[in-house]
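Novice: what's the 3D shape of this:
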Amino acid sequence: MKIGIAGGGAFGTALAVALALNGRQVTLWARGGDTVDQIVRFRTNSRLPNIEIPPSVEASTEIAPLLTCDTILIAIPAQTLPGFLAEHRDSLSGKALVACCKGIDLTRMTGPATTIQDVVPGATAAMLTGPSFAADIAKGLPTALTLACGDDAQGQVLQKALSTNSLRLYRTTDTVGAELGGALKNVMAIASGIAIGAGFGESARAALITRGFPEMQRLALQLGGEADTLAGLSGFGDLVLTCTSDQSRNYRFGLSLGRNESFDKTTTVEGAATARAVKQLAQTRKIDMPISTVVADLVDGHTDIRTALDTLLSRPLKEE
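Specialist: Numbers count the residues shown, from 1 in each chain. This is a model prediction of the structure:
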């Protein structure tokens, strides 16, 4: 099986390193010529410092080598995924496409695996998600992820092909639950960062994580996901990791909001777009999503930290 990876960022490169170190030939496609040049000449990527990229990772800005691969892991931002799929729809048909991005498309209101199914119906759509940081994967540190594929037979093939000595994949057919768990936890990570950045304390963060989890479940179940999936690696596991570590871009973005500081605009923060999508879905489907709604309003500057806190604290008292 020829494995390709679309996306030369930290996560795409980390996956390439992990797979290559276990004896696989990997084709890595990136839009940025500087990134590819750095990999080819120095076997490094500035987005993944202090990691040596094995010679068996073949990097290119040309899309043709990627499109010869049987299995393609797509590690590009969720909001650019539909355009990438549409541009190469014919070439991608018949392949196994594994989404490695987390978010909800603002136009389609779908997660990455569902977007693949919609745009390239001739492909096998899958999702790789769960509690993981790129640096940990690239260093070979033990990591467990969820591999979601509606076709369980194909899921078993992918599970075997993509597992490594340090990367353990657990399989599910619930692609909707897996993609929503990965998307929604980013919103809660922003909320957690805001709480710490604004000085509300660790107890407030714990409350946000605890109340945020059933909020994630409410939306996922409405959209066809399964409760067990949200309670697993792709939901609760990823939620805990990203809400408690400054390695998370979404958490750091929340910190900057809470501290009223600027944030690097070149850094992808999927949770910001996801919060907007969740707010819209919550209104359309009449689902109670207070934390997500407040995060969306803060991201878009429609409220301030004090008002947001008062909004949450003034909600009616009820049973847990």
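Novice: How about the contacts made by Ile5?
Specialist: The neighbourhood of Ile5, defined by Cβ atoms under 8 Å, 6 or more residues apart in numbering, consists of Gly12, Leu15, Ala16, Val26, Thr27, Leu28, Trp29, Leu66, Ile72, Leu73, Ile74, Ala75. For the C-beta atoms, the positions are set from N, CA and C on the backbone; glycine is no exception.
Novice: For it, what are phi and psi?
Specialist: Torsion angles at Ile5 (phi, psi; degrees, to the nearest 10) stand at phi -130, psi 120.
Novice: For Ser60, see how far away it is.
Specialist: 11 Å (Cβ to Cβ, to the nearest Å).
Novice: Ok, Val269 next?
Specialist: Going from Val269 to Ser60 by Cβ to Cβ gives 28 Å.
Novice: Between the two, which has more neighbouring residues?
Specialist: Neighbours per residue (other Cβ atoms under 10 Å) separate Val269 from Ser60, with Val269 holding more: 25 against 16.
Novice: Please look at the more buried one and Leu255 and confirm they touch.
Specialist: No. Counting by Cβ atoms under 8 Å, Val269 does not reach Leu255; the two are 11.6 Å apart.
Novice: about what we covered before: tell me the most packed of the contacts of Ile5, by neighbour count.
Specialist: That'd be Ala16 among the contacts of Ile5, by other Cβ under 10 Å, with 32 neighbours.
Novice: At the geometric centre of the protein, which residue do we find?
Specialist: Centroid-nearest residue in the chain, with Cα atoms, centre = their mean: Lys102, separated by 2.5 Å.
Novice: List the residues that contact that residue.
Specialist: Contact partners of Lys102, counting by Cβ under 8 Å, 6+ apart, are Ala78, Pro112, Thr129, Glu179, Gly182, Ala183, Lys185, Asn186, Glu270, Thr274.
Novice: Swap in 7 Å and give it another go.
Specialist: Contact analysis of Lys102 by Cβ atoms under 7 Å, 6 or more residues apart in numbering lists Ala78, Thr129, Gly182, Ala183, Asn186, Glu270.
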